[in-house]
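Asker: My questions concern the predicted model and sequence given below.
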Amino acid sequence: MNPLARRSRSLWTDLVVAAAVLVLGYLVLRAGKGATVTFDPADVATADTDPARLPYDAARSLLRMFAALGLSVCFTFVYAYAAAKSRRLERVLIPALDILQSVPVLGFLTVAVTGFIALFPGSVLGLECASVFAIFTSQAWNMTFSFYRTLTALPRELDEVSRSFGFTRWMRFWRVELPSGAIDLVWNAMMSFAGGWFFLVASEAISVGNRAYSLPGVGSYAGAAIARGDLGKIGWAIATTAVMVVGVNFLFWRPLTAWVEKFKNEQSEASEVQRSVVLDLLRRSNVPTAIGRWSRPLRDAVGRGARVFGRDDRPLVHDPARRRAGDLLFGAVLLALVGWGLYGLLRYLHERTGLGVFGEPLLLGLATLARVAVVVIAATLVWVPVGVRIGFSPRLARIAQPVVQVLASFPANFLFPLAMWVFLRTGVDMNIGCVALMALGAQWYVLFNTVAGAMAIPSDLREAMDDLGVRGWQRWRRLILPGIFPAYVTGGVTASGGAWNASIVSEVVTFGGTTLTATGLGAYVFHATETGDHPRLIAGVAVMSLYVVVLNRLVWRRLHGVAQRRYTL
């Protein structure tokens, strides 16, 4: 191509990219404008189900989803880094993360709505913040677990290179640690985004105690249509969600997953890589380069300011005596704080209902625990082989990625009418049928992490196996299972937590005037939230957290240790 034609093509590419940026900015401003107006509580009790409002509702939902994603990324960097770099903080932050991922979205909403409305009195911004926070609570934990695992399993040679060159800790994070975990982080962020769709109805159509709040969005639209039993409008909500999921995948996730492949740790270039039309367009454009050039002074200033965090030249060996003394002091302070909080909680419950309130949720938790185990085992058997197949084939990944995104992103509430019809026609007991609904919100964590783990296996190792003629079970035992095992552990622990959380919306199914209820801890927490029974809600959430922490300690933490010691590439 001659230089004149090349410049003309680059000019058109720059114009397209610049126009896209301007249109995106306009849509964000237009959708965000409605988030700052004043409101009357009576005006936000129900959602408007006019189909003509769906484009605007879709824009509002997308704005909340990406705001929650940005908040989740920041939380992931800070929380995972603190847990990975401090032995003492790790002992607190990781168990706390186990508890946080098990607390249902409805449990967070009970506190968040009241707090944010008090912070922004009379403004829709308070409700918007509560909704974004609820979506954040369905996204952040999966990403944090993934990045923490990456930081703790960093190859020793990369660690030694960073120390020998005396990188600042800021440089080490951006040049070594983040690139090392980029593939896992992006795929888990994609899964977390899908998890946000799953709980969109709960986060936009908020019911706490005897008060109902409804924000413009696809989730609240679907919730209102489900409550009225309007199948036509439910169909419009499903179609709108499908369009949003496919559009976000094409414009955002596929370019990101294709770009992040450059961080794969391998000695030779793969013969087949992921491609993206949007990424190719951005690479031909001069706009990203111009933005990078304009922002360089700011980045340099931040880098100079980040020197206060010190250099990465600390010794690998520490004084055992000082470490033991510090551990004892830290443990004593932590034990005192936990004891004080536990005493206050038990005293509150004793005064309101008595400590016998824990008996019922403890028994109900056994039923939900059995369902969680079935979901995780079934997801492992079904989706691990599928995930490996997708991760090993960029061509198949291009086809499967939007399909899996659509399947993983559909809120279970949208399928409640179909599920209820099937249960009633076939006579399936709700105690069994709710397992399928729980799987809709949990199984995808196993699939996405398996895909990320398979994609991170170096191509040269796979080609070496091909040259040696290693096939079948030997290939799985020698390469695939060790390669994906760390990522699978992350998927397993988040799938387990996701199944507990999904039980809240899966053990109670409502459509029109019909309600089906399963026996379990999820239904217990759901009814406690609906009635505003705070003692029962606290007891239910506490018992659910207890089950999750014990399960993680007995199973997932041990598997994480095995992955960290034996199966780090």
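Answerer: Received it, and whenever you're ready, just let me know what you need.
Asker: and the residue positioned nearest the centre of the chain, what element?
Answerer: The centroid of the chain falls nearest to Ser192 when counting by CA atoms, centre = their mean (2.4 Å). Per DSSP states H and E: Ser192 is located in helix 182-198.
Asker: what about the helices in the stretch 101-250 of the chain?
Answerer: Using DSSP state H, counting those that start in this stretch, the helices of the stretch 101-250 of the chain run over 105-119, 124-152, 156-164, 169-172, 178-180, 182-198, 200-204, 218-228, 231-248.
Asker: Looking at those, which one is packed in the most?
Answerer: helix 200-204 (a mean of 28; mean count of other CB atoms under 10 Å). All C-beta atoms are positioned from the backbone trio N, CA, C, and that covers glycine.
Asker: Distance from the chain centre to that helix, please.
Answerer: Chain-centre distance of helix 200-204: 15 Å, with CA atoms, centre = their mean, to the nearest Å.
Asker: picking that back up, do you know how far the residue nearest to the centre of the chain is from Arg149?
Answerer: Remark: distance between Ser192 and Arg149 (CB to CB, to the nearest Å) = 15 Å.
Asker: check contacts around Val176.
Answerer: By CB atoms under 8 Å, 6 or more residues apart in numbering, the contact list for Val176 reads Leu154, Leu158, Asp159, Val161, Ser162, Phe167.
Asker: where's the nearest residue to Trp556 once chain neighbours are set aside relative to His560, distance?
Answerer: In this structure, Trp556 finds its nearest non-sequential neighbour in Val493, 4.2 Å apart by CB to CB, 6 or more residues apart in numbering. Between Val493 and His560 the computed distance is 8 Å (CB to CB).
Asker: just Ala222 next, same as before
Answerer: As judged by CB to CB, Ala222 and His560 stand 37 Å apart.
Asker: do Ala325 as well
Answerer: 28 Å.
Asker: and the residue nearest to the residue nearest to the centre of the chain when sequence neighbours are not counted, what pLDDT?
Answerer: Nearest residue to Ser192, sequence neighbours excluded (CB to CB, 6+ apart): Gln139, at 3.8 Å. Here, the pLDDT recorded for Gln139 equals 84.
Asker: again, but for the one 5 residues further on
Answerer: Here the pLDDT value assigned to Thr144 is 89.
Asker: Would you format the helices of the stretch 101-250 of the chain as CSV with distance to Val28 included?
Answerer: Formatted as CSV, the helices of the stretch 101-250 of the chain follow (distance: least, CB to CB, whole Å):
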stretch, distance to Val28
helix 105-119, 21
helix 124-152, 14
helix 156-164, 38
helix 169-172, 30
helix 178-180, 26
helix 182-198, 17
helix 200-204, 18
helix 218-228, 17
helix 231-248, 14
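Asker: who wins for proximity to Leu349 among those helices?
Answerer: Proximity to Leu349 (CB to CB) singles out helix 105-119 among the helices of the stretch 101-250 of the chain, at 15.5 Å.
Asker: quick one on the thing from earlier: so which strand or helix has the residue nearest to Trp556?
Answerer: Counting by DSSP H and E, Val493 is part of helix 481-506.
Asker: list the buried ones in that helix?
Answerer: 481-506 (16 or more other CB atoms under 10 Å).
Asker: when you compare where it runs with where helix 124-152 runs, what's the angle?
Answerer: Going by axes from the mean of the first three to the mean of the last three CA atoms, to 10 degrees, helix 481-506 is angled at 160 degrees with respect to helix 124-152.
Asker: which residues in the stretch 401-550 of the chain form helices?
Answerer: 416-426, 430-456, 459-468, 472-475, 481-506, 521-531, 534-551.
Asker: closest to Trp197 out of these?
Answerer: Closest to Trp197 of the helices of the stretch 401-550 of the chain, according to CB to CB: helix 430-456, at 10.0 Å.
Asker: Okay, now the unreliable bits of the stretch 301-450 of the chain?
Answerer: Low-confidence segments of the stretch 301-450 of the chain, defined by pLDDT under 70, are located at 306-323, 326-327, 330, 401-402, 405-406, 408-417.
Asker: Recalculate using a threshold of 80.
Answerer: 301-335, 337-338, 341-346, 348-356, 394-425, 427, 440-442 (pLDDT under 80).
Asker: Any idea how many residues pack against Leu24?
Answerer: Neighbourhood size, Leu24 [other CB atoms under 10 Å]: 11.
Asker: would you put the C-alpha positions of stretch 343-361 in PDB?
Answerer: Taking C-alpha atoms only, stretch 343-361 is exported to PDB below (Å, rounded to 0.1, in the frame of the first residue of the first chain):
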ATOM      1  CA  TYR A 343     -20.100 -10.400  72.200                       C
ATOM      2  CA  GLY A 344     -22.000  -7.400  70.800                       C
ATOM      3  CA  LEU A 345     -23.700  -9.600  68.200                       C
ATOM      4  CA  LEU A 346     -24.700 -12.300  70.600                       C
ATOM      5  CA  ARG A 347     -25.900  -9.800  73.100                       C
ATOM      6  CA  TYR A 348     -28.200  -8.100  70.500                       C
ATOM      7  CA  LEU A 349     -29.700 -11.500  69.400                       C
ATOM      8  CA  HIS A 350     -30.100 -12.600  73.000                       C
ATOM      9  CA  GLU A 351     -32.100  -9.500  73.800                       C
ATOM     10  CA  ARG A 352     -34.300  -9.700  70.700                       C
ATOM     11  CA  THR A 353     -35.000 -13.400  70.100                       C
ATOM     12  CA  GLY A 354     -32.600 -15.500  72.200                       C
ATOM     13  CA  LEU A 355     -29.700 -17.500  70.900                       C
ATOM     14  CA  GLY A 356     -32.000 -20.300  69.900                       C
ATOM     15  CA  VAL A 357     -32.500 -18.300  66.700                       C
ATOM     16  CA  PHE A 358     -29.400 -20.100  65.300                       C
ATOM     17  CA  GLY A 359     -31.000 -23.600  65.500                       C
ATOM     18  CA  GLU A 360     -33.300 -23.400  62.500                       C
ATOM     19  CA  PRO A 361     -30.800 -21.800  60.000                       C
END
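Asker: tell me which residues in that stretch are buried?
Answerer: For stretch 343-361, burial by neighbour count (16+ other CB under 10 Å) applies to Leu349, Thr353, Val357, Phe358, Pro361.
Asker: Return the closest of those residues with respect to Val446.
Answerer: Using CB to CB, Pro361 comes nearest to Val446 of the buried residues of stretch 343-361, at 27.0 Å.
Asker: which non-adjacent residue is nearest the closest one?
Answerer: Closest residue to Pro361 apart from its sequence neighbours, by CB to CB, 6+ apart: Val543 at 4.1 Å.
Asker: so that neighbour sits right up against Gly365, yeah?
Answerer: Yes: Val543 lies in contact with Gly365 (CB atoms under 8 Å); the separation is 5.3 Å.
Asker: joint contacts of those two?
Answerer: Leu521.
Asker: for Gly359, what are its contacts?
Answerer: Contacts of Gly359 by CB under 8 Å, 6+ apart: none found.
Asker: Any figure for the gap between it and Ile234?
Answerer: 39 Å.
Asker: How about Thr241?
Answerer: From Thr241 to Ile234 the distance is 11 Å (CB to CB).
Asker: picking up where we left off before, more neighbours: Ala325 and His560, which one.
Answerer: It is His560, of Ala325 and His560, that has more neighbours when counted by other CB under 10 Å, with 22 against 11.
Asker: about what we covered before: of the buried residues of stretch 343-361, which belong to helices?
Answerer: Among these, the residues falling in helices (DSSP state H) are Leu349, Pro361.
Asker: mind putting the buried residues of stretch 343-361 in a markdown table, distance to Leu447 included?
Answerer: Shown next, in a markdown table, are the buried residues of stretch 343-361 (distance: CB to CB, whole Å):
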| residue | distance to Leu447 |
| --- | --- |
| Leu349 | 39 |
| Thr353 | 41 |
| Val357 | 38 |
| Phe358 | 35 |
| Pro361 | 31 |
